[in-house]
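Engineer: Structure, please.
(2 chains)
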Number of protein chains: 2
Amino acid sequence: VPPTDLEALRGAVRGPVEETAAARERAGRDGSHLNGRPRAVLAPRDVDDVVAAVAWARSTGIPLVPRGGGTSLDGESVPADGAVVVDLSGWRTIREVSALERWARVEPGVVNLDLQHALAPHRMFFPPNPGSWATSTIGGHVGTNASGPRSFRYGPTRAWVRALEVVLGTGERARLGSIAPKRSVGPELGELLVGSEGTLGIVTEVTVRLAPRPAVRWGAVVPVPPGARLGALAGRLAAAPGTGLSALEFVDAACARALVTGRGVDWPADGPLVLLEIEADDPADADARLGRVAAVLRAAGVPGIARRYDDADRLWSERGASGIVLDEQYGERIREDVAVPLPAVDALAAAIDGIARAEGVPVYTFGHLGEGSLHPNFVVDPTSPPADRIRSALYDAALGLGGTISGEHGVGRVKRPFVARELGPTGVRLLRAMKAACDPDGILNPGKLYPP
Amino acid sequence: VPPTDLEALRGAVRGPVEETAAARERAGRDGSHLNGRPRAVLAPRDVDDVVAAVAWARSTGIPLVPRGGGTSLDGESVPADGAVVVDLSGWRTIREVSALERWARVEPGVVNLDLQHALAPHRMFFPPNPGSWATSTIGGHVGTNASGPRSFRYGPTRAWVRALEVVLGTGERARLGSIAPKRSVGPELGELLVGSEGTLGIVTEVTVRLAPRPAVRWGAVVPVPPGARLGALAGRLAAAPGTGLSALEFVDAACARALVTGRGVDWPADGPLVLLEIEADDPADADARLGRVAAVLRAAGVPGIARRYDDADRLWSERGASGIVLDEQYGERIREDVAVPLPAVDALAAAIDGIARAEGVPVYTFGHLGEGSLHPNFVVDPTSPPADRIRSALYDAALGLGGTISGEHGVGRVKRPFVARELGPTGVRLLRAMKAACDPDGILNPGKLYPP
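Structural biologist: Numbers count the residues shown, from 1 in each chain, chains lettered A, B, ... in the order given. Below you'll find the predicted structure:
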């Protein structure tokens, strides 16, 4: 008798192929409300295993879904039913760090925070710091072009990838990008993979760029008067010289109250807040810089700084608890993510409130104000018709303001029906052409990113 | 009788179609030693003209070659014989500047230096500053991913493009990219155009990112002892905190002597030099930062700074005269451009000297040391067999050291035969797939970039 499909896969790879209900259940979920029913979970031992798995997928037609920390929020990692999940979370080796050249060559399963700890003795860091950084992986960062508060200064993952090793959907093993610090040999092909959500290839190594660690990073909490124009305020702060501003965040009044009451965070809770981070050479320098920030705030009619943190990461970790608090207090919600040009951020905030009112649901918004990026959390069953209406209205509002349906979470399964609205017919055609070039048989992470 | 091809083009566009020998001669050359014989030169009046020209090219099979300042150094702008040049150098309007959002929306023919002047009142600047910046255009910068000394801190053009309007070779008008400050909706398609050398589409508008202008930019000239390890020195300077280092350049002894004797530049001329730029908030800050640079130099066995400039652009303009001086003194030379990882830069310099010795030709090298990027100028007839041998040996040396055949000039016609050595078969295949998706009839700038 011919071997079953999974027996053939087991014969072709050295890593384990798990079929237990527990393994399949775990690999069927990500940070979204969605779940899938994968056939099995392969933990590849090496690149040869990945190449063999791709060859097997092409011959059987059974798709593969690469997976890292499983923290994606729009179903990017949720497998199509019957697919085999390629679990790279065990690939946690930091293969090489060059402090001189400011790069680290890492396996795709390396967790962001583990990388930061390993880089500390080199006085370097990897700038993207999404809220999930304690569990999300560098491979996943590449998949969704992850960012976080510090992208205000440093930009998203796209800006910090120098080279990639990848097994394309064709089965080709390729090294894309270069460790030469500058290059002009056509379009940079490695950039195609950033944001591709595992649909073009399975990334097996990433060479990330590093930045020097600032000596001092302070955080600050700034209460904002009702009716303040947030976009203009952010623009003035961003343009002021000598502040060392590296993150500029927003928390609305409802969200601040939830954190203060739910977590005992020591913030003013009677209105919206701006949270910010500055980088400096030493505490005296930080003090001078924060003084310049305070002067800009006063000139804009904002009284000043309510609380200072001498470790900005503590501020981000307190703010990061907002998701947990909202989960505890409200359970089901949709965790959204849109971005607009800075002058339109007040109009976006108003549109968010209008959408929530129209549907009669509470909304809790925080976000990366300095980049026009807001995360409204609508308290509603994510699978309900109101949730669908809210999403559609939210994306229309963002696009109508010159913005995007996703600032940093990605597209996955949730936003896939809306991609054509943003990219237009030529954009969609080019995206599909890249897919055809890299994965002609469509075996990689089907049902994501590309419009149906 | 049916109209001739050019009559049909004239009937389809509103801009002039010139056929004079002078116009064709001028449009046949760029900064390289190559020249082509175009059939005519179209100065399109608007995007509709560009769309009409592309439709005409598709129907006649006569290729189009977009052209800006014509400063490219490897034949990127040299038209195939019989092609029609699409001259965008008259498209010089800066359409909009948003200081709040740090972008400028410009026509592709805007000259870099004109843009800088226009941005000065906004206290902003566009970081790429190639040596050609007084005449080269933003459209050309996109075509070749141009950079220059300040890319040490700021990166090349690729890092400073937010959105593009383009007419693809298919005739499609598309807007790629976004003015939202952050986005994660698949791979960024606008990035495909950066470095594509006019082979995928004709760019009709560029939205560039801007950076805040530093208050103070000082330059410094540092004599380097014979035998100093340049890569290690550059690495120490780059890693030192609190220096504000924004450019780190190299000039070899021969090149320094040529500038001192040929231009009367007031530099030490008895050995190689490092040139650098620092950014600071005010002169006192600059003084402190330059002091930190001097301390790193002393610790590395380098006596110190020989000369200081309180306007770094004056230093770059003096250094920029090296090309003119070499032209005056030696006439024909090949102006090369390779880059390697920083630790390999001394080995690259040694390889350059070895290649020159083996061929018995003088070589004058300067370059962007901090990015491992060197420009050796071999004094040799660019069309001679020794020039071919030199190029091939140079690219082999750079690739053998983990580097690239082009740090910033691009590929054009000169380096086209060597692209496959660098990108490998999968890279070349992906490049061709993008070409097929954007310009299926091959009517845009044929004979460039893609391996024969």
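
Engineer: and the stretch 151-300 of chain A, which residues reach chain B?
Structural biologist: A:151, A:156, A:158-159, A:168, A:172-176, A:178-189, A:191-197, A:212, A:215, A:231-232, A:235, A:238-239, A:241-242, A:281 (CB under 8 Å from any CB of the partner chain). For every residue, glycine as well, the C-beta is placed using N, CA and C.

Engineer: The residues you listed in strands, which ones?
Structural biologist: Mapping those onto strands (DSSP state E) picks out A:168, A:173-176, A:212.

Engineer: Closest one of these to chain B?
Structural biologist: A:Ala174 (3.9 Å; CB to the nearest CB).

Engineer: thinking again about what came up before, can you say which of the residues of the stretch 151-300 of chain A next to chain B are buried?
Structural biologist: A:151, A:156, A:158-159, A:168, A:172-176, A:178-189, A:191-197, A:212, A:231, A:235, A:238-239, A:242 (16 or more other CB atoms under 10 Å in any protein chain shown).

Engineer: List the contacts of the closest residue to chain B within the stretch 1-150 of chain A.
Structural biologist: In the stretch 1-150 of chain A, the residue that lies nearest chain B is A:Leu100 (3.9 Å; CB to the nearest CB). By CB atoms under 8 Å, 6 or more residues apart in numbering or on different chains, A:Leu100 lies in contact with B:231-232, B:235, B:238-239, B:342-343.

Engineer: how far away is it from B:Gly148?
Structural biologist: Using CB to CB, to the nearest Å, we find A:Leu100 at a distance of 23 Å from B:Gly148.

Engineer: cool, A:Pro272 as well?
Structural biologist: Where B:Gly148 is concerned, A:Pro272 sits at a distance of 43 Å (CB to CB).

Engineer: A:Pro44 too?
Structural biologist: For A:Pro44 relative to B:Gly148 (CB to CB), the value is 43 Å.

Engineer: so A:Val17 touches A:Glu7, yeah?
Structural biologist: No: under the criterion of CB atoms under 8 Å, A:Val17 is not in contact with A:Glu7, lying 9.2 Å apart.

Engineer: residues in contact with the spatially most central residue of chain A?
Structural biologist: Nearest residue to the geometric centre of chain A (CA atoms, centre = their mean): A:Ala146, 3.0 Å. Applying CB under 8 Å, 6+ apart to A:Ala146 gives the contacts A:128, A:130, A:132, A:136, A:140, A:156-157, A:408, B:184.

Engineer: same thing with A:Val85?
Structural biologist: With CB under 8 Å, 6+ apart, A:Val85 has these contacts: A:27, A:38, A:40-42, A:64-67, A:79.

Engineer: and the residues you listed, which of them are in strands?
Structural biologist: Using DSSP E, those in strands are A:40-42, A:64-67.

Engineer: Next up, phi/psi of A:Ser373, please.
Structural biologist: phi -110, psi 120 (degrees, to the nearest 10).

Engineer: what's the distance between it and A:Gln116?
Structural biologist: Counting by CB to CB - A:Ser373 and A:Gln116 are separated by 22 Å.

Engineer: now do A:Pro214
Structural biologist: Taking CB to CB, one finds A:Pro214 at 13 Å from A:Gln116.

Engineer: Also A:His375?
Structural biologist: Taking CB to CB, one finds A:His375 at 22 Å from A:Gln116.

Engineer: try A:Leu193
Structural biologist: 23 Å.

Engineer: Check A:Gly360 too.
Structural biologist: From A:Gly360 to A:Gln116 the distance is 42 Å (CB to CB).

Engineer: Same drill for those two, tell me which one is more crowded.
Structural biologist: Comparing A:Gly360 with A:Gln116 by other CB atoms under 10 Å in any protein chain shown, the one with more neighbours is A:Gln116, at 17 against 8.

Engineer: and the more buried one, what element?
Structural biologist: helix A:112-119 (DSSP states H and E).

Engineer: Dump the C-alpha coordinates for that helix into PDB.
Structural biologist: The C-alpha trace of helix A:112-119 is given here as PDB (Å, rounded to 0.1, in the frame of the first residue of the first chain):
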ATOM      1  CA  ASN A 112      12.400  39.600  20.800                       C
ATOM      2  CA  LEU A 113      13.100  40.100  24.500                       C
ATOM      3  CA  ASP A 114      15.700  37.300  24.500                       C
ATOM      4  CA  LEU A 115      17.500  39.000  21.700                       C
ATOM      5  CA  GLN A 116      17.400  42.300  23.700                       C
ATOM      6  CA  HIS A 117      19.000  40.600  26.700                       C
ATOM      7  CA  ALA A 118      21.700  39.000  24.500                       C
ATOM      8  CA  LEU A 119      22.500  42.300  23.000                       C
END
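
Engineer: So that helix, near chain B or not?
Structural biologist: No: using CB under 8 Å from any CB, helix A:112-119 stays clear of chain B, coming no nearer than 13.0 Å.

Engineer: Okay, buried residues for that helix please.
Structural biologist: Buried, per 16+ other CB under 10 Å, within helix A:112-119: A:112, A:114-116, A:118-119.

Engineer: ok, A:Pro214 - contacts?
Structural biologist: Contacts of A:Pro214 (CB under 8 Å, 6+ apart): A:244, A:246, A:279-281.

Engineer: Pick the one among those residues closest to chain B.
Structural biologist: Taking CB to the nearest CB as the measure, A:Asp281 is the one of those closest to chain B, at 5.1 Å.

Engineer: dump the residue contacts of A:Ile334.
Structural biologist: Residues near A:Ile334 by CB under 8 Å, 6+ apart: A:33, A:377-378, A:380, A:382, A:387, A:390-391.

Engineer: Equivalent analysis for A:Leu248, please.
Structural biologist: A:152, A:234, A:237-238, A:274-277, A:368-370.

Engineer: restrict the contacts of A:Ile334 to contacts with chain B.
Structural biologist: Applying CB under 8 Å from any CB to these, none is adjacent to chain B.

Engineer: Cross those residues against helices and list the overlap.
Structural biologist: Within those, residues falling in helices by DSSP state H are A:387, A:390-391.

Engineer: Can you convert those into JSON lines and add a column each for pLDDT and distance to A:Leu290?
Structural biologist: Compiled in JSON lines, the ones in helices among the contacts of A:Ile334 are given as follows (pLDDT from 0 to 100; distance: CB to CB, whole Å):
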{"residue": "A:Ala387", "pLDDT": "97", "distance to A:Leu290": "41"}
{"residue": "A:Ile390", "pLDDT": "98", "distance to A:Leu290": "38"}
{"residue": "A:Arg391", "pLDDT": "98", "distance to A:Leu290": "39"}
